[in-house]
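Visitor: need coordinates for the below:
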Amino acid sequence: MDVPEHKEIRQLARRFLEEAGPALAEYEAREAFPWPLVRRMGELGFLGVFVPEELGGAGLDFWAYIALLEELGGYASLRSILSVQQSLVLTPLLAYGTQDQKERYVPRLARGEVLGAYGLTEPEAGSDAGSLRTRAYRDGDHYVLEGQKTFISHANVAEVFLIFAKTDPEKGNKGITAFLVERKDGVRTTPLKGKLGLKAADTGMVFLEGVRVPQDRVLGKEGEGFKIAMATLDTGRISLAAGAVGLMQRALDLSLGYAKERHQFGRPIASFQLVQAHLAEMKLDLEASRLLTYQAVAKKLRGERYTLEASMAKLFASEAANRVAYRAIQVHGGYGFFEEYEVARLYRDARILTLYEGTSEIQKLVIGAHLTGVRA
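Guide: Numbering: from 1, shown residues only. Predicted coordinates:
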């Protein structure tokens, strides 16, 4: 996979993390959004890796994006910011946006001048995305949006929101439309604190009360919202799988280092068979996840439908990341239970991977439906 430009972005990411890693720990401790680190990622071109240069991006390919996600995967709050900005906001904008919409939003998003948010989940619509209650009513050449979203990444720091609302409830999924909404349109947000992991990544609720959006800010066509949401999640699931690979790689590297340095019974614990068994299982989960992720990327880049491959990669890699993080704690023993050791954070950060952008249970339903041709 790695050509010279991919190796270069990996090296650039590693240099960035040498400085950002210690700083991120301070933001995590305060549950504060790491604005300086985000601005630096924007300056380095991380937030618009695969965006064409003419639209303000780095102009690299999707493999470069995957390489970057892997490198940042062990620092999940930063990886989350990267994923939301590109997989969930820039990807649908590039795929479905008009030229005017692209010129208006993409350059600022790609450079990190503003952040975007993906507004699908609601208090009563999580895995069942088609049951969302947010409504959009026509009013002349505008739409009026009413409703609320929850568990939204970047809710309190975004200036641009991709909001999904029902324009025709009687049509079910085909009555959902996607809108580009700006904070200045009257969007209100509130933070959600106390998360188990991703403590430096912003999460919150979004309130839409009489928010007026001009009709030229419909993304795609009216009624195409559900299709756009699901297509976007396919890319998002690949990005989560790549991030999980990066988290596992970090956990394995830390565990290997510790096992060689830690001595018990007069020798390094790396020489103990059961410790080696943990490390072997970690390596197997890591490499199997990497291959499933790369398979999904390859199919995407061939222009073929990759929903099945994205779900398989996301399911396996997210569950594997939890197994690997667990084993990393075991290798570290009692020390791994303390926040002073990085594996404790990796353990907390891994947990969300099985929940958002489609739970593990939903991924199994997606895979099962593809295999049988029958929806459960």
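Visitor: centre of the chain to the helix or strand containing Pro22, how far?
Guide: When elements are assigned from DSSP states H and E, Pro22 belongs to helix 4-30. Mean-position distance between helix 4-30 and its chain equals 17 Å (Cα atoms, centre = their mean, to the nearest Å).
Visitor: beyond that helix, next helix or strand please.
Guide: helix 35-43.
Visitor: what's the mean pLDDT across stretch 45-57?
Guide: For stretch 45-57, mean pLDDT rounds to 97.
Visitor: alpha carbons of it, as PDB, please.
Guide: Extracted in PDB, the C-alpha atoms of stretch 45-57 (Å, rounded to 0.1, in the frame of the first residue of the first chain):
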ATOM      1  CA  GLY A  45      -3.200  19.300   5.500                       C
ATOM      2  CA  PHE A  46      -4.500  16.400   7.600                       C
ATOM      3  CA  LEU A  47      -8.100  17.600   7.600                       C
ATOM      4  CA  GLY A  48      -8.400  17.500   3.800                       C
ATOM      5  CA  VAL A  49      -6.100  14.700   2.700                       C
ATOM      6  CA  PHE A  50      -8.100  13.400  -0.200                       C
ATOM      7  CA  VAL A  51      -9.700  16.700  -1.100                       C
ATOM      8  CA  PRO A  52      -8.600  18.100  -4.500                       C
ATOM      9  CA  GLU A  53      -6.000  20.800  -4.400                       C
ATOM     10  CA  GLU A  54      -8.300  23.200  -6.300                       C
ATOM     11  CA  LEU A  55     -10.700  22.900  -3.400                       C
ATOM     12  CA  GLY A  56      -8.100  23.600  -0.700                       C
ATOM     13  CA  GLY A  57      -7.100  20.100   0.100                       C
END
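Visitor: would you mark the buried spots in it?
Guide: Within stretch 45-57, the residues scored as buried using 16 or more other Cβ atoms under 10 Å are Gly45, Phe46, Leu47, Gly48, Val49, Phe50, Val51, Leu55, Gly56, Gly57. For glycine as for every other residue, the C-beta is placed from the backbone atoms N, C-alpha and C.
Visitor: also stretch 123-140?
Guide: For stretch 123-140, the neighbour count (16+ other Cβ under 10 Å) marks Ala125, Gly126, Ala129, Leu132, Thr134, Arg135, Ala136 as buried.
Visitor: any chance of these in TSV, plus distance to Leu17 and secondary structure?
Guide: Below are these laid out as TSV (distance: Cβ to Cβ, whole Å; DSSP: H, G, I helix; E, B strand; the rest coil):
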residue	distance to Leu17	secondary structure
Ala125	36	strand
Gly126	32	coil
Ala129	34	helix
Leu132	37	coil
Thr134	38	coil
Arg135	43	strand
Ala136	41	strand
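Visitor: quick check, nearest of those to Met282?
Guide: Relative to Met282, the closest of the buried residues of stretch 123-140 is Gly126; by Cβ to Cβ it sits at 30.9 Å.
Visitor: in contact with the closest one, which residues?
Guide: Phe151 (Cβ atoms under 8 Å, 6 or more residues apart in numbering).
Visitor: with Phe62 instead?
Guide: Phe50, Val297, Lys300, Leu301.
Visitor: of the residues you listed, buried ones?
Guide: Phe50, Val297, Lys300.
Visitor: for the last one, give me phi and psi.
Guide: With angles defined as degrees, to the nearest 10, Lys300 shows backbone torsions of phi -60, psi -50.
Visitor: doesn't Thr235 make contact with it?
Guide: Yes: with contact defined as Cβ atoms under 8 Å, Lys300 counts as touching Thr235 (7.3 Å).
Visitor: helices or strands up against the helix holding Pro22?
Guide: Secondary-structure packing of helix 4-30 (3 or more Cβ pairs under 8 Å, 6 or more residues apart in numbering; DSSP states H and E): helix 35-43, helix 62-72, helix 76-83.
Visitor: what does the following helix or strand past the shortest one contact?
Guide: Which is helix 76-83. Once helix 76-83 ends, the next helix or strand along the chain (criterion: DSSP H and E) is helix 91-96. With Cβ under 8 Å, 6+ apart as the test, helix 91-96 has contacts from 51, 55, 101-102, 105-106, 109, 162, 178, 180, 219-220, 224, 228, 231-232, 235-236.
Visitor: how does it look with 6 Å?
Guide: Val106, Leu219, Gly220, Ile228, Thr232, Thr235 (Cβ atoms under 6 Å, 6 or more residues apart in numbering).
Visitor: burial measure for the fifth one, as a count.
Guide: The reference is to Thr232. As a burial measure, Thr232 scores 24 neighbours (other Cβ atoms under 10 Å).
Visitor: same question, Gly172
Guide: Neighbour count for Gly172, taken as other Cβ under 10 Å: 12.
Visitor: how near is it to Tyr356?
Guide: 24 Å (Cβ to Cβ, to the nearest Å).
Visitor: could you pull out the strands for the stretch 201-350 of the chain?
Guide: Taking DSSP state E, counting those that start in this stretch to define them, one finds strands in the stretch 201-350 of the chain at 203-214, 218-219, 263-264, 267-268.
Visitor: could you dump the longest one to CSV, C-alpha only?
Guide: Spelled out, it's strand 203-214. Provided in CSV are the C-alpha atoms of strand 203-214 (Å, rounded to 0.1, in the frame of the first residue of the first chain):
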residue,chain,number,x,y,z
THR,A,203,-19.9,15.5,21.7
GLY,A,204,-23.2,17.2,22.3
MET,A,205,-26.8,17.7,21.5
VAL,A,206,-28.1,19.9,18.6
PHE,A,207,-31.4,21.8,18.8
LEU,A,208,-33.2,23.0,15.7
GLU,A,209,-36.0,25.3,16.6
GLY,A,210,-37.4,27.2,13.7
VAL,A,211,-34.1,27.1,11.9
ARG,A,212,-34.5,28.6,8.4
VAL,A,213,-32.4,27.1,5.6
PRO,A,214,-32.5,28.3,2.0
